[in-house]
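In: Have a look at this prediction, sequence included:
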Amino acid sequence: MKVQQAVGFWGVAFAFGVTMAGTTLPTPLYPLLQREFGFGELASTLLYAVYAGGVIAALVLFGRASDVLGRRRVLLAGTACAALSAAAFLSGAGIAALLAGRVLSGFSAGLVTGTATAALGELHPRGNQAHAGLVATVANMLGLGCGPLLSGVLAAVAPAPLQLSFLVHLALLAPAAGIVWRTRESRPAEAGARFRIVRPVLPAEVRPVFLPAATAMFAAFAVFGLVAAVEPSMLVRLLDVHSPVAPGLVVFAMFAASAGGQIVSRRVPAARALPIGCAVVLAGVAGLAAAIGMESAAVLAAATIVIGAGQGVAFRGAVAAVGSRTPDDQRAGTMSSFFLVVYLGISVPVVLAGAASARWGLRASALAFAGVVAVLLVAALLATGSRARSAA
């Protein structure tokens, strides 16, 4: 039984990572898509915005679905949305198909993030919630990082750069869905229960830790959103770097550094990990602003890695803090509420930055964005640092 449970645990982690890889797969391809379909920076920002809108809609409407219907059904629905997203990109039907694909990609992330995080906690062979949370966040971040690395490399060395990456993703989704199908249900559907849409869940037990964790995550993921949505254009237009491998490697390095930060800090108490992570991200944002001012791709890459490492430390601390206070029967709903804040942070500020870049230029808007996020990070640092001192 333990072996079967371990296979299910790692299988769900694999499916989680593969699904999340699809959400960032188009990142290095945006300059190619702009040339292919003739749209500008504002349309690229819109593609990012509708993805985030899809995530938020799924989290709001279906955040508690797996608490009622069971984990497997919702995970399979998420992988199906990911496959439909890839099919939309492969259709070549223009900007409308790209927008539909990004919305479906958002649905896949919204359905899978909270559900997979909850399922991993329930499937862990030893019942170790801290390790399950670490695996969940690492699978999430590595999946997000592998998407742009895969598409960037394939776009540089293989034919059909706008099709091959999505074909590979479909090939990975097939075994992922098969594994989920064969994994035992960790939370069976409630007998006679009917799913209904309810507002996001925030149990009373988790509220004291939720606000400081949410503040930190909003700020940290706002920086992630900027890098994922705007950095490919920054490399091309500001730093004259045209290879699709470059943005793929930079974004992968950020997410890989996030996973590394989570692993390295796994023994640091959650209350201390949050302010430490915020401070590191703040240093990375300063480096990002310096890179734009200096027009240095090397400094930009180094700053991105620092941002990733700090975000990883803070993210692990936030997930551990929220997860440790959450009642078992409200786990998926609570984690969906947490990820709702994350995706608001990763979307709303970036959309505003994209609109600003259309009016004032990419350089000025990126610098202004960095300044605003720095203020948010200072606020999060003060809030989480105060809580860490009171917990000591």
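Out: That came in fine, so what should we check first?
In: From here on, just use CA atoms for contacts and neighbour counts.
Out: Noted.
In: so who does Ala222 touch?
Out: Counting by Cα atoms under 8 Å, 6 or more residues apart in numbering, Ala222 touches 345-347, 349-350, 373.
In: per-residue confidence for it?
Out: On the pLDDT scale, Ala222 is placed at 84.
In: after the helix or strand harbouring it comes which helix or strand?
Out: Per DSSP states H and E: Ala222 is located in helix 207-233. Scanning forward in sequence from helix 207-233 by DSSP H and E, the next helix or strand is helix 245-264.
In: If you compare the directions of that following helix and helix 207-233, what angle comes out?
Out: 160 degrees (axes from the mean of the first three to the mean of the last three Cα atoms, to 10 degrees).
In: From the contact counts, what lies against helix 245-264?
Out: helix 129-157, helix 207-233, helix 297-325 (3 or more Cα pairs under 8 Å, 6 or more residues apart in numbering; DSSP states H and E).
In: so what's Arg64 closest to, chain neighbours aside?
Out: Closest residue in space to Arg64, ignoring its immediate chain neighbours: Gly333 at 4.4 Å, by Cα to Cα, 6 or more residues apart in numbering.
In: what about the one you found, distance to Ala118?
Out: If you measure Gly333 against Ala118 using Cα to Cα, to the nearest Å, the figure is 9 Å.
In: cool, and Ser151?
Out: For Ser151, the distance to Ala118 (Cα to Cα) stands at 29 Å.
In: Give me the neighbour count for Pro159.
Out: By the criterion of other Cα atoms under 10 Å, Pro159 has 10 neighbours.
In: re the thing from before, so which helix or strand takes in the residue nearest to Arg64?
Out: With DSSP H and E as the test, Gly333 turns up in helix 331-360.
In: Now do the SS call for Val168.
Out: Following DSSP: H, G, I helix; E, B strand; the rest coil, the label given to Val168 is helix.
In: ok, now which ones touch Arg331?
Out: 67, 118, 323 are the contacts of Arg331 under Cα under 8 Å, 6+ apart.
In: who wins for neighbours among the residues you listed?
Out: Most neighbours among the contacts of Arg331, by other Cα under 10 Å: Ala118, with 29 neighbours.
In: quick one: it from Arg331, how far?
Out: Relative to Arg331, Ala118 is positioned 6 Å away (Cα to Cα).
In: Equivalent analysis for Ser91, please.
Out: Distance of Ser91 to Arg331, computed by Cα to Cα: 38 Å.
In: Same question for Thr384.
Out: With Cα to Cα as the criterion, Thr384 and Arg331 are 23 Å apart.
In: Same question for Ala222.
Out: Computed as Cα to Cα, the Ala222 to Arg331 distance reads 25 Å.
In: And for Ala21?
Out: Separation of Ala21 from Arg331 (Cα to Cα): 24 Å.
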